[in-house]
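A.B. asks: structural data only, the sequence is not supplied:
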């Protein structure tokens, strides 16, 4: 795990949103390798910033950051909701995770996921869902190391 480096996992605050905005831009830029529908429309950063502001401080949604030697180098977003449909249960989800390329393969993504899963477990979550692109084989292998397995498949029709 990144020997000799000072690693910190922290909860993003509103004052950190500039750093988060920069990281999410890098994240979505990389996702374009898997999703040709991602295009940055005018005003997307302001929209996403408002979305993150509304989530920060929520008791059911978490945005955690990763600092390596004082540099913000990643984030993970996750949360949970109660689902009263067939059986009342608390369902968790991991929505986004990103580690800057210069800090990958050091176990930092795993560190963030383990922390998120621990938080969800302490919140009495019974099941955790996430999405992974079918063409992202490395991502799928990463998630399988935590015990995730295929559950359903999302289909898409490009109309343009």
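C.D. replies: It's in. None of the values given here were measured: they were computed from a predicted structure. Numbers count the residues shown, from 1 in each chain.
A.B. asks: low-confidence regions, the protein specifically.
C.D. replies: 1-2, 86 (pLDDT under 70).
A.B. asks: may I ask you to name the longest strand in it?
C.D. replies: strand 71-83 (DSSP state E).
A.B. asks: that strand: which residues count as buried?
C.D. replies: Under the neighbour-count criterion of 16 or more other CB atoms under 10 Å, strand 71-83 has 72, 73, 74, 75, 76, 77, 78, 79, 80 buried. (Glycine included, C-beta is placed from N, CA and C.)
A.B. asks: next SSE downstream of it?
C.D. replies: Downstream of strand 71-83, the first helix or strand assigned by DSSP states H and E is strand 89-99.
A.B. asks: so which elements touch that following strand?
C.D. replies: In terms of contacts (3 or more CB pairs under 8 Å, 6 or more residues apart in numbering; DSSP states H and E), strand 89-99 is packed against helix 17-31, strand 71-83, helix 108-122, strand 127-130.
A.B. asks: let me have the ones you listed in CSV, extended by distance to residue 8.
C.D. replies: Formatted as CSV, these follow (distance: least, CB to CB, whole Å):
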stretch, distance to residue 8
helix 17-31, 13
strand 71-83, 9
helix 108-122, 11
strand 127-130, 24
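A.B. asks: I am finished for the moment; much appreciated.
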